[in-house]
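Visitor: Next come a sequence and a model predicted from it.
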Amino acid sequence: MAKSPAKKASAVPAVSNRERPNEPERYKATKEELLQLYRQMLLIRRFEEKAGQLYGLGFIGGFCHLYIGQEAVAVGLQSALNGDTDSVITGYRDHGHMLAYGIDPKVIMAELTGRAAGISRGKGGSMHMFSTEHKFYGGHGIVGAQVSLGTGLAFAHKYNEDGGVAMAYFGDGAANQGQVYESFNMAELWKLPIIYVIENNQYAMGTSVNRSSAEDQLYKRGESFRIPGIQVDGMDVLACRGAAEEALKWVRSGKGPIILEMKTYRYRGHSMSDPAKYRSREEVQAVRDKSDPIEAVKRELEGFKVTEEQLKPIEAEIRKIVAEAADFAEQTPEPDAAELYTDVLVETY
Amino acid sequence: MAIELKMPALSPTMEEGTLAKWLVKQGDVVKSGDIMAEIETDKATMEFEAVDEGTIAQILVPEGTDNVKVGTVIALIAGEGEDASTAAAPAPAPTPAPAPEPAAGEDGGPKKAESGTAKLVSDKAATVADPEVPAGTEMVKVTLREALRDAMAEEMRADPRVFVMGEEVAEYQGAYKVTQGLLEEFGAKRVIDTPITEYGFAGVGTGAAMGGLRPIVEFMTFNFAMQAIDHIINSAAKTNYMSGGQMRCPIVFRGPNGAASRVGAQHSQNYGPWYASVPGLIVIAPYDASDAKGLLKAAIRSEDPVVFLENELLYGRNFEVPKLDDWVLPIGKARIVRPGKDVTIVSYSIGVGVALDAAETLAGEGIDAEVVDLRTLRPLDTATVLESLKKTNRMVVVEEGWPVCSIASEIVAVAMEQGFDDLDAPVLRVTNEDVPLPYAANLEKLALVDAARVVSAVKKVTYR
């Protein structure tokens, strides 16, 4: 069960004279914005359900980590970024972040099936997808590596003085990797423009946060580096968006890095091969019933008098997009054998 | 009895230095801890403290003297109750004494421990000009250290995306003084001191390369890069392939590699074979300053991630470097540094000097050895190696590193697979012993490759 964010009243800053960002406010979305967020989240949900299905049918191999349950995080945060200047990097649970950036579901799905038309020409797979066009830098399979790499992207933003911000996502499990803290230290030392997003979905594979983390309030993990942290309800897309706005304000004003701990939940196992015996069926069901991020947006839309009936065409459209992506991914050819040897190096020596 | 003050060794590899300045004069009374002189090594100016108490009886080496060998008597101190003037009477000549032999000193003092690495550092250079150097080019003597610095400086002047980061690269001027002067010229934005955090800054550098910059990441030594090897291999080397050619990672990881002097097992290792086994990486390990400069410039310009392996023992050695505005060498090309017809000796990095030493000895015995410097370990220039084998029909590989799964092993495999018909004898490997490098001077000497072993291997393959 997702813990609710720490209450304001109990959030006593460790050092009171240190400047802190404001408590973020829930984003006040227009009806159109809300519909767009709904659409993106639904696309991720349906896409991932289809990916799970194709995995079961043998079209997708290896590791495949689904984002179901966490949709509000990537959609809410990335809706606040400037796609022309800001960069995004994440770990291996990366399908959602790409879809949230508007990358064509067809080339993502075709990568999952290992086809030449895949975004990495079939040579990356689920965990290794990139889009330099969208400033999406992967897609990294080593837990925590994206934190140092993302810090390097932030370094490049500062070096180039391009006004961009890097957003580096990592999980509660990665939050215990040493290089995360090496990166925190340099990011604050050099005041790098980076938002560290801890997607706390409660489980690092099968180990719960409480069983792995001496300090389980992960937003506090930057304190000894003087990096402020904010805990956010990651099941509420408007809370996510609001937190992103506040974090961006902090980072863009040159105050250095900031940490957002997104309290969220993954419905599926760690990967497709995870039977998820470490938690009860009831626990998962309770989150689905009470905290589902997409159902929450629907309720929000009711405030704008948008009925379930009116959402049906969106649902149908999304299903069509996903079905087409799946058909494409199943039918488009595998890479040529000659592709085995391409792109090992850029230059010829 | 006057106390002899000897020129001190101020680093593990120092053999001589400049007596820059005396801070005491004849007749001064000194006590332990007083600073008596400033001594310049090839890396830095160091202060020389008194250990003994007494009166300076005589200064034997005047300030400003260059090339004072370690162990030379530079002054005499008269102890308590001694007459400083008589103590000076049997003054030895002020000419620098030869470097002490490792055997018991002539005064019967303790045996000076000589590092096994001394025999690795050859004074030989290529006997033929690099064919890449245009005829008539003026050559200038430059240390390996300066050549590397010049390469970085030139590329930084040419391309604003190039920057250097690492431990002590800026304000300290480089742990081994390779980045000397860069901070002054390029400022703190482009010459960046990092915390001691190899995994972290290797990742930051790699991320910056992905973000469009051209980082040069210096490791104080490649031994510490094991902390960072995940980013070198998993993040830098594989990304271009995994992204279907979308995401490039033009970065140079550089620093000293291989055995240094008497620093023990954890600080003495050759990572050439490790990195050379990884598709997606370029691995360069030059011997002389000319190759180091030309190849480092090429590495910085490359669109691919490069591991650039230097050698600390060679940093202070002078070599001829062509005086050209833009001396850039092709990556992936070996070089014949000594032509010969009887046997091919293949090596790289510091091993090339060992091979050249052996070749000279062999020449005296009527064996004409060709020495091939691989220069780039990945991609390996097998064509040049095989061409030489075709000519000599015999081959020995010399490597300052372990024998198992080595570059030498790879060359042997290439010779078997592609040069079998040209072989008149089995290819032999001459490498370090298959043990962690020991500290004890005698054991260290036994563990490291040397010219004598190369000579005997060559005699085996030439049936002499």
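Guide: Perfect, I can see it now.

Visitor: switch to C-alpha atoms for all contacts and neighbour counts from now on
Guide: Noted.

Visitor: Buried ones in the strand or helix carrying A:V251, by neighbour count?
Guide: Following DSSP states H and E, the helix or strand that holds A:V251 is helix A:237-252. Residues A:237-248, A:250-252 are the ones in helix A:237-252 that count as buried (16 or more other Cα atoms under 10 Å in any protein chain shown).

Visitor: ok, B:T41 - contacts?
Guide: By Cα atoms under 8 Å, 6 or more residues apart in numbering or on different chains, B:T41 lies in contact with B:10, B:14, B:16-18.

Visitor: try it again with 10 Å
Guide: Going by Cα atoms under 10 Å, 6 or more residues apart in numbering or on different chains, B:T41 touches B:9-11, B:13-20, B:66-67, B:316.

Visitor: And the pLDDT for it?
Guide: Confidence at B:T41, expressed as pLDDT, is 82.

Visitor: count of neighbours near residue 234?
Guide: Reading this off chain A. Each residue near A:G234 was counted by other Cα atoms under 10 Å in any protein chain shown, and the total is 33.

Visitor: I was after chain B.
Guide: 16.

Visitor: Kindly report the same for A:P293.
Guide: 26.

Visitor: That one - nearest residue in space that isn't next to it in sequence?
Guide: A:M235 (4.8 Å; Cα to Cα, 6 or more residues apart in numbering or on different chains).

Visitor: Check B:A147 too.
Guide: Leaving aside its sequence neighbours, B:A147 sits nearest to B:K293 (Cα to Cα, 6+ apart; 5.2 Å).

Visitor: do you know how far the one you found is from B:E155?
Guide: Distance of B:K293 to B:E155, computed by Cα to Cα, to the nearest Å: 11 Å.

Visitor: Find the residues that touch each one of those two.
Guide: With Cα under 10 Å, 6+ apart, B:K293 and B:E155 have common neighbours B:D326.

Visitor: who has more neighbours, the two?
Guide: Taking neighbours as other Cα under 10 Å, B:K293 and B:E155 compare with B:K293 leading, 27 against 19.

Visitor: ok but the more buried one is inside a strand, no?
Guide: No. Membership of B:K293 in a strand is not supported by DSSP: H, G, I helix; E, B strand; the rest coil, which gives helix.

Visitor: Is it in contact with B:R149, as I believe?
Guide: Yes. Applying Cα atoms under 10 Å, one finds B:K293 in contact with B:R149, separated by 8.3 Å.

Visitor: okay, and for chain B, where does confidence drop off?
Guide: B:1, B:84-113 (pLDDT under 70).

Visitor: Which segments of it make up each domain?
Guide: Per automatic domain parsing, the structural domains of chain B span B:3-112, B:139-322, B:335-461.

Visitor: re the thing from before, next one: the residue nearest to A:P293 from A:M41, what distance?
Guide: When A:M235 is compared with A:M41 (using Cα to Cα), they lie 11 Å apart.

Visitor: who touches both of those two?
Guide: Residues touching both A:M235 and A:M41 (Cα under 10 Å, 6+ apart) are A:69-73, A:76, A:293-294, A:297.

Visitor: Closest to chain B out of those?
Guide: A:V73 (23.1 Å; Cα to the nearest Cα).

Visitor: From A:F59, how far out is the closest one?
Guide: In terms of Cα to Cα, A:V73 sits 28 Å off from A:F59.

Visitor: More neighbours: the two, which one.
Guide: Ranked by neighbour count (other Cα under 10 Å), A:V73 and A:F59 place A:V73 first, with 34 against 17.

Visitor: give me every residue that touches the more buried one.
Guide: By Cα under 10 Å, 6+ apart, the contact set of A:V73 is A:41, A:67, A:79, A:96-97, A:100, A:169, A:197-199, A:232-241, A:244, A:262-264, A:293.

Visitor: go with 6 Å
Guide: A:G234 (Cα atoms under 6 Å, 6 or more residues apart in numbering or on different chains).

Visitor: coming back round to it: from the contacts of B:T41, which land in helices?
Guide: Counting by DSSP state H, no part of these is found in helices.
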